[in-house]
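Participant: Here is a sequence together with a model predicted from it:
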Amino acid sequence: MKTKSINDEERRKAFSSTKSQEVIEKQKLNVRYHVEDFDNSDLPRRFLEVFAAILKHSNYKFVLDHFVRLTARCSQCAVACHIYQATGDIKDVPCYRSNLLLDVYRRHFTMGGLLKGKITGEWSITNEKIEEMADSFWNCTACRRCTIECPLGIDHGLITHLGRYILSEIGIAPRALVVSTRAQLEGPHRNTSAIPVPALKDTLEFLESDMLEDKSIRITFPLDVVGAEYVFFPAVSDFLMEAETLMGIAAVFAATGDSWTIGTGYFDGINYGLFYNDRIMERVVRNIDAETRRLNGKKILIGECGHASRVAKQYIPTYCGGENALPVVSILEYTYNAWKEGRLKLDPEVVTERVAYHDPCNLARNRWIVNQPREVLKAFCKNYVEMTPSGDRNICCGGGGGTVSIDEIRPYRTIVGGKLKAEQIRRSGCEVLVAPCANCKKQLRELVEDQNLSCKVVGLHDLIYRAIVFDKEIDRVEMEGKACNR
Amino acid sequence: MQSIIDFARGPLFRLCFTIMLLGLLRVLFIEFWGIYKAYSKACDKQIPWRLVLSRTFEWLIPARKLVKSGDVYSFVSILFHIGLIAAPVFLFAHITLLKSSIGIGWLSLPYKFEFWLTLSTIILSFFLLVLRIARRTIRLLSRPEDYLWLILILFPFVTGFVCANIDISATLYEFLMAVHVISADLIFALIPFTKIVHCVLAPFSQFVDALAWKFPARTDEDIALTLNKKGIPV
């Protein structure tokens, strides 16, 4: 997986900043993403305080102990890193980035480091180091491809995750994520896109009438059904931007007949806490659990969103009941099972374009959802082509780790972060790229635009909606003379 | 000189080997204690064993990497590690020494195979050293320890190879043998205190990583209280 580094002109564009000099001087923080005003006094001490508190109450300490003992500084991670491959900058080698934080840990939280400190009197953490970390940890997309390549299994994505967490607790976090999370946890509408319930209902009604016209079948989005098998949480932006994905999902449920619902008390699967703060992540996850229990739902169903699926799958059991936690299902698993059981039929003559599949990192890196969507696609897309590398070794879209939500760094994302992905897409010659993740879709569409690619980016259920075949027993609706089957 | 060799093979070897064993046991104890505490604190105790075991196996037997690795450092490093372990462990002379002292031995490699294996390991370690110096990313990341280890490992390999395969004077032989044994003793003693401790820790990396993402419940509350941030808005 090699590529030429970006040239000077591309570098200038990618690293250009929209921030004013006034803001940079006022905040004493020169990073490209916007940050809300924060208390920038005594940062090194506060950084260490936060670090100590997190180490005390979490499981990070034993992991960092393991990593600091092992690190071989061999830079094999660089071979796998799409960011380093694009920039060729030593500071983008995952190992270099991780050592920004591990050096602080070694110096201030290990016996050897504390002794060294007593002798030399030096600190490893300064305002400049904090600024370097603030820049570096948000250049990374936390895709964790480097983790697979590292011969010692060091999880550089975990260290980026922890670094961002500490920084956010001293006030340094991308404003885009903080503002969305504030709307989700403290706003009146309780979702990252601030969609009020009446607007949600209007949108869903509109989609229902669309589907009725399209398929001559009454397909609904059930709201607030008590005791449903599945309570559905998509990325809330889907209600604004991914109509076909939602219609595809509703159509699948119409075909299978399983009970499902959307809760108007809370309907946002997005969890930016995964990207910058564990405390936020916990709070958001609890909201999903609470809504499902309010409706007496049996299972939590997450829509086409990589990070939302991963967070719910991993952290509903952690924060919401352990062994008694509600089961979490990804819509991709649900649809795959329905198709495998013969409950979902797809017409293989509908999708004739050359179709490729992009593995969202949060679904594929731990080999959770890799083959399932592929098998479904191959069943009805005659012209399916596999990109390489794929599966758990896929290349990140370039907007992972929450960076896709930071609009001001779009040039960086599409010139640097997405460079390798763009080359991969180009090589595949695909006309349709299936990316079952809201964040990947946004990033890939911007990549298509900025890198002049000629393919359309869709969700899996967008294609399923096109190809779905309903059984004769489904209640069809007579519409202006169209055939009616009962 | 013979007395130095006897001392290095006898009491010094026993001391250094003991330091290595105790040091590794200490590290393993700390590791397992950390794992135990983390597992106890984790609310979700389901470990993805299939993923952990398959990735650990892929790490232990890096056949895929050997064939598919696009990077020469990776390829060289894997071959180097094979020689680094197999050459001294299956050397007839070492096994004979061990058998005579503690009565335990095992099958040795044929002489010719051992010859080429040792020579390859020496060449590969030179190659790794050259790569570490020549490759910009590795050079800029490297610490003194990373170079010193490669040089240190060469000592017992080169001296052992020369003693076993090249006609040299008795004095030179004794000198090189002393260097061989003392450098090996030094390596044993340093293992637990340096990155070479990965020889016992690396097999647990995948499990540690899986466990690392299993957080304790209610960390929000505990950390918020510690940082006086309880109730503070987003």
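Facilitator: Sure thing, it's come through.

Participant: Skip the chain neighbours and tell me the closest residue to the spatially most central residue of chain A.
Facilitator: Central residue of chain A (CA atoms, centre = their mean): residue A:307, 3.5 Å from the mean position. Counting by CB to CB, 6 or more residues apart in numbering or on different chains, residue A:362 is the residue found nearest to residue A:307 once chain neighbours are left out, at 4.9 Å. For glycine as for every other residue, the C-beta is placed from the backbone atoms N, C-alpha and C.

Participant: Identify the residues contacting the one you found.
Facilitator: Contacts here follow CB atoms under 8 Å, 6 or more residues apart in numbering or on different chains; on that basis residue A:362 touches A:306-307, A:309-310, A:400, A:437.

Participant: Which pLDDT does the model give residue 230?
Facilitator: Just so you know, I chose chain A. On the pLDDT scale, residue A:230 is placed at 98.

Participant: was after chain B, sorry
Facilitator: The model reports residue B:230 with a pLDDT of 87.

Participant: Touching, residue A:255 and residue A:343? I think so.
Facilitator: Yes - assessed by CB atoms under 8 Å, residue A:255 is found in contact with residue A:343 at 6.5 Å.

Participant: Which one of the two is surrounded by more residues?
Facilitator: residue A:255 (23 against 15; other CB atoms under 10 Å in any protein chain shown).

Participant: Look up the pLDDT of the more buried one for me, please.
Facilitator: You'll see residue A:255 listed with a pLDDT of 94.

Participant: Helix or strand for it, just tell me which one.
Facilitator: For residue A:255, the host element (DSSP states H and E) is helix A:243-256.

Participant: Residue A:374: neighbour count?
Facilitator: 20.

Participant: repeat for the one 3 residues further on
Facilitator: Residue A:377 is flanked by 20 other residues according to other CB under 10 Å.

Participant: Let me know whether it touches residue A:461 as I believe.
Facilitator: No - the pair residue A:377 / residue A:461 is not scored as a contact, 11.4 Å apart, by CB under 8 Å.

Participant: So, low pLDDT: which residues of the chain?
Facilitator: Answering for chain A, as no chain was given. A:1, A:472-486 (pLDDT under 70).

Participant: Chain B, not that one
Facilitator: For chain B, residues meeting the criterion pLDDT under 70 lie at B:68-70.

Participant: which secondary structure elements does the longest helix along chain B contact?
Facilitator: Looking across chain B with DSSP state H, the single longest helix is helix B:11-41. Contact partners of helix B:11-41 among helices and strands, from 3 or more CB pairs under 8 Å, 6 or more residues apart in numbering or on different chains; DSSP states H and E: helix A:60-70, helix B:170-190, helix B:198-201, helix B:205-212.

Participant: And the second one, what's buried?
Facilitator: Buried positions in helix B:170-190, judged by neighbour count with 16 or more other CB atoms under 10 Å in any protein chain shown: B:173-190.

Participant: check whether that helix contacts chain A.
Facilitator: No - using CB under 8 Å from any CB of the partner chain, helix B:170-190 stays clear of chain A, with a minimum separation of 13.5 Å.

Participant: can you pull the contacts of the nearest residue to residue B:41 once chain neighbours are set aside?
Facilitator: For residue B:41, ignoring the flanking residues on the chain, the nearest one in space by CB to CB, 6+ apart is residue B:216 at 4.1 Å. By CB under 8 Å, 6+ apart, residue B:216 lies in contact with A:57-59, A:318, B:41-43.

Participant: Mind doing that once more with 7 Å?
Facilitator: Applying CB atoms under 7 Å, 6 or more residues apart in numbering or on different chains, we find residue B:216 in contact with A:58-59, B:41-43.

Participant: Need phi/psi at it.
Facilitator: phi -70, psi 150 (degrees, to the nearest 10).

Participant: Beta-bridge partners for it, please?
Facilitator: Here residue B:216 sits in beta bridges with residue B:42, going by DSSP bridges.

Participant: Kindly report the same for residue A:385.
Facilitator: Counting by DSSP bridges, residue A:385 is bridged to residue A:356.

Participant: Can you give me the buried ones in stretch A:363-370?
Facilitator: Within stretch A:363-370, the residues that count as buried by 16+ other CB under 10 Å are A:363-366, A:368-370.

Participant: Other residues contacting the helix or strand hosting residue A:209?
Facilitator: According to DSSP H and E, residue A:209 maps onto helix A:197-215. Applying CB under 7 Å, 6+ apart, the contact partners of helix A:197-215 are A:218-221, A:239, A:243, A:246-247, A:250-251, A:264, A:267, A:477.

Participant: Start and end of stretch A:289-309, how far apart?
Facilitator: End-to-end distance for stretch A:289-309: 13 Å, by CA to CA, to the nearest Å.

Participant: tell me the contacts of the closest residue to residue A:177 other than its chain neighbours?
Facilitator: Distance criterion CB to CB, 6+ apart; nearest residue to residue A:177, sequence neighbours excluded, is residue A:272 at 4.6 Å. When contacts are counted by CB under 7 Å, 6+ apart, residue A:272 touches A:177, A:180-181, A:280, A:402.

Participant: do residue A:378 as well
Facilitator: residue A:384.

Participant: Tell me the gap between whichever strand or helix holds it and the middle of its chain.
Facilitator: Residue A:378 belongs to helix A:371-380 when elements are defined using DSSP H and E. Put simply, helix A:371-380 sits 22 Å off its chain's centre (CA atoms, centre = their mean, to the nearest Å).

Participant: What residues sit buried inside that helix?
Facilitator: Quick answer for helix A:371-380 (16+ other CB under 10 Å): A:372-374, A:376-377, A:379-380.

Participant: can you check stretch B:120-140 too?
Facilitator: Buried, per 16+ other CB under 10 Å, within stretch B:120-140: B:120-122, B:124-125, B:127-129, B:131-132, B:135, B:137-139.

Participant: and those near chain A, which?
Facilitator: For chain A, the contacts drawn from these by CB under 7 Å from any CB of the partner chain are B:137-138.

Participant: residues in contact with the residue in the stretch 101-250 of chain A positioned nearest to chain B?
Facilitator: The stretch 101-250 of chain A approaches chain B most closely through residue A:153 (2.9 Å), counting by CB to the nearest CB. Neighbouring residues of residue A:153 by CB under 7 Å, 6+ apart: A:147, B:59, B:202, B:205-206, B:209.

Participant: Can you say which two of the residues you listed are spatially most distant?
Facilitator: Greatest spatial distance among those (CB to CB): A:147 and B:202, at 13.4 Å.

Participant: Now distance to residue A:287 too, for the helices and strands packed on helix B:11-41, in a markdown table please.
Facilitator: Listed next are the helices and strands packed on helix B:11-41 as a markdown table, based on distance: least, CB to CB, whole Å:
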| stretch | distance to residue A:287 |
| --- | --- |
| helix A:60-70 | 24 |
| helix B:170-190 | 52 |
| helix B:198-201 | 39 |
| helix B:205-212 | 25 |
